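[1] Sequence first, then the predicted structure:
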Amino acid sequence: MFLALVAHEILIGVAMYPSNRFLNNLSALQGLQVLIVDNNVDCCDLMMILLQLYGVEVKQAFSVPQALEIFEQWQPYIVVSDISLPNEDGYALIQKVKSKAKERGQVVLGIAVTGYADEKMRQRGLSTGFDLWFTKPLDIDEFVVMLACLAIYQQSSDAIAQPILSHVPRHSDLSLEQQLETSVSSDHHHF
């Protein structure tokens, strides 16, 4: 019942407060494959409901071994993971996922969604293999827009997706996270 109420609130929020200039690009999410890894079942379910609203293909895992098993059978473009997982953490997961992806000639992006807001942990995450770092509570608009940017990035032969990121300066010293962060509107909504 709780998740149904939260999902209803998300639907209302998405309908009332779409991410203005990126709304037309959200169709890029259709068919995007995302693996969500979080030992909190409610968080996993809520994120799955949210992403499915946009046509994202989602699978869930609640531990590193389960995530790796799913990853072996399915080839998601994005892995969204919490850092704090039982036995092995999200850092270990993203390293293993990136290694397996490299072996099969696949590109996989890693997104951390965690309660840890510490800059040292964020830097560790980015150096370990995460491409983006979000802290909880999750800014729904920013997260969905970033996924749309990544979906367009995946579909594009250009290193920076057009037209969504056309105003982002193309500096080679900017990481993917920095390039995408500059493209998100300042109008954010938390749910």
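    Thanks, I have it. Numbering: from 1, shown residues only.

[2] before we move on, which element is residue 35 in?
    Per DSSP states H and E, residue 35 falls inside strand 33-37.

[3] Counting by contacts, list what the strand or helix carrying residue 148 packs against.
    In this structure, residue 148 sits in helix 140-155 according to DSSP H and E. With contacts defined as 3 or more Cβ pairs under 8 Å, 6 or more residues apart in numbering; DSSP states H and E, the packing partners of helix 140-155 are helix 2-16, helix 41-53, strand 109-114, strand 132-135, helix 176-181. C-beta: built from backbone N, CA, C; applies to glycine.

[4] Can you list the buried residues in it?
    Neighbour counts over helix 140-155 (16 or more other Cβ atoms under 10 Å) mark 140-153 as buried.

[5] With stretch 123-139 instead?
    In stretch 123-139, counting by 16+ other Cβ under 10 Å, buried: 124, 125, 126, 128, 129, 130, 131, 132, 133, 134, 138, 139.

[6] so how far is the first residue of that stretch from its last?
    Using Cα to Cα, to the nearest Å, the gap from the first to the last residue of stretch 123-139 comes to 20 Å.

[7] Let the chain start at 281 from now.
    In the new count, where the first residue is 281, that last one comes out as stretch 403-419.

[8] my guess is residue 324 meets residue 316, correct?
    Yes. The pair residue 324 / residue 316 is scored as a contact, 5.3 Å apart, by Cβ atoms under 8 Å.

[9] Thank you, goodbye.
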